[in-house]
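**Student:** Coordinates for the following, if possible.
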Amino acid sequence: MNSSFFFNEHISSEQNPKFKIWKSLLHSKGRKKENLFLLSGEKVIHDFISDLKKDSISSSFKIETLLIPKKSDTEKNQELFKNLNSLPLKSFKSTKNLVFFTLEESLYSELDVIGSHFPILVVHFEDLPKVATLQDLAVPEGLEILCPIGDPNNLGALARTALAFGVKKIILTKNSCDPFHPKCLKSSSGAILKNHLFYLDKNLSDIATNEINGNNFGLDFGGTSLDQFQWPANARLWLGEEGPGLIAFPKKQILSIPITQVESLNVTVAGSLAIYSYFQKQIIRS
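**Tutor:** This is a model prediction of the structure:
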């Protein structure tokens, strides 16, 4: 980057316009309005910077600014500055020198919802690719997941598994939580930022059964056991959380996990088992 870092402003008031924007990023409405999210956690941030250096993360993410608590570890800050300074200009929203801000402890604590006490990156993102109907989605290549998951911890953990086993695409719906929710970012250890995310602009209940072609498989009760199922090379796996569940799938397109003594599994656990089943049968054995 070859630019110098400098304090532009010390922020000590909740009424500061910039702070109001950053605080709004704790909520989905604010993130969507500003196209910004807060990235927290020392390891997550350093991994994010490393991925930007390697071009192994989406170019739709650009660093807007850096927020630093007034009382922080100077040595760790210097290491972070050094890493940021080594990034190419395209990694930043502005081509000018990176401006960062120091915040009073009380203000910083409001933003540091995961309790990292490490500088927070404010990251700009572009809207996810969006389709209006299921038919507008391209035919799957490899394994894709359609997951109307409302719990950010579940979505984040599932995104981590998806990245580990080469899932090609995660498709969110109107039922899904915001992938840039702080809890989702934390539970994924930043993996959600490396997944290819798409958005289906429909609620799960608005999708008709006759829209579901043979490339789609629902993980639910009463279907073919995963240990007996022969995965096709290209498939789209639908997951549902406890409670809402899934829409009615054709019997031959339902996959099940044989379990005993409990009624169901957490969606992250069930989804991870299904993802590994595909990986084992299609990737390892191919």
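**Student:** tally of neighbours for Ile257?
**Tutor:** 18 (other C-beta atoms under 10 Å). To be clear about C-beta, it is placed using only N, CA and C from the backbone, and glycine gets the same treatment.
**Student:** you'd agree it is up against Gly223?
**Tutor:** No. When contacts are counted by C-beta atoms under 8 Å, Ile257 is not listed as touching Gly223 (9.5 Å).
**Student:** Quickly find the element holding Phe37.
**Tutor:** Using DSSP states H and E, Phe37 sits in strand 36-39.
**Student:** Might you report the residue contacts of the nearest residue in space to Phe48 that is not next to it in sequence?
**Tutor:** Leaving aside its chain neighbours, Phe48 sits nearest to Gly190 (5.7 Å; criterion: C-beta to C-beta, 6 or more residues apart in numbering). The contact partners of Gly190, taken as C-beta atoms under 8 Å, 6 or more residues apart in numbering, are 39, 41, 44, 47-48.
**Student:** Among those, name the ones in strands.
**Tutor:** Of these, the ones assigned to strands by DSSP state E are Leu39.
**Student:** Adding neighbour count, write the contacts of Gly190 out as CSV.
**Tutor:** Putting the contacts of Gly190 into CSV (neighbours: other C-beta atoms under 10 Å) gives the following:
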residue, neighbour count
Leu39, 21
Gly41, 21
Val44, 21
Asp47, 17
Phe48, 23
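**Student:** quick one: which of the contacts of Gly190 is nearest Ser24?
**Tutor:** Leu39 (15.7 Å; C-beta to C-beta).
**Student:** Verify the contact between the closest one and Leu121 for me.
**Tutor:** Yes. The pair Leu39 and Leu121 passes the contact test of C-beta under 8 Å, sitting 4.3 Å apart.
**Student:** what touches both of those two?
**Tutor:** Counting by C-beta under 8 Å, 6+ apart, the residues touching both Leu39 and Leu121 are 45, 48.
**Student:** pLDDT wise, what is Asn35 at?
**Tutor:** We have a pLDDT of 97 for Asn35.
**Student:** In contact with it, which residues?
**Tutor:** 124-127.
**Student:** Now do the phi/psi pair for it.
**Tutor:** phi 50, psi 40 (degrees, to the nearest 10).
**Student:** What about Phe81, how many residues nearby?
**Tutor:** 17.
**Student:** Would you state the strands of the stretch 101-250 of the chain in chain order?
**Tutor:** Under the criterion DSSP state E, counting those that start in this stretch, strands of the stretch 101-250 of the chain are mapped to 120-124, 130-131, 143-146, 169-172, 197-200, 216-225, 235-238.
**Student:** so what strands line up beside the last one?
**Tutor:** Applying DSSP bridges, strand 235-238 is found paired with strand 143-146 (parallel), strand 216-225 (parallel).
**Student:** contacting residues around the residue nearest the centre of the chain?
**Tutor:** Compute the mean C-alpha point of the chain, and by C-alpha atoms, centre = their mean the closest residue is Ile192, 2.8 Å away. Contact analysis of Ile192 by C-beta under 8 Å, 6+ apart lists 155-156, 159-160, 179-180, 184-185.
**Student:** Who are the contact partners of the residue lying closest to Gly41 once chain neighbours are set aside?
**Tutor:** Closest residue in space to Gly41, ignoring its immediate chain neighbours: Ser116 at 4.9 Å, by C-beta to C-beta, 6+ apart. Ser116 makes contact with 40-42, according to C-beta under 8 Å, 6+ apart.
**Student:** do the same with Leu246
**Tutor:** Counted by C-beta under 8 Å, 6+ apart, Leu246 has contacts 204, 218-220, 238-240.
**Student:** cool, and Gly271?
**Tutor:** 145, 147, 158, 161, 219, 237, 239.
**Student:** now swap in Pro119 and tell me
**Tutor:** 45, 66-69, 72, 77, 80, 100.
**Student:** Now do the contacts for Pro69.
**Tutor:** So Pro69 contacts 102-103, 105, 108, 112, 117, 119 (C-beta under 8 Å, 6+ apart).
**Student:** which of those has the weakest pLDDT?
**Tutor:** Within the contacts of Pro69, lowest confidence goes to His117 (90).
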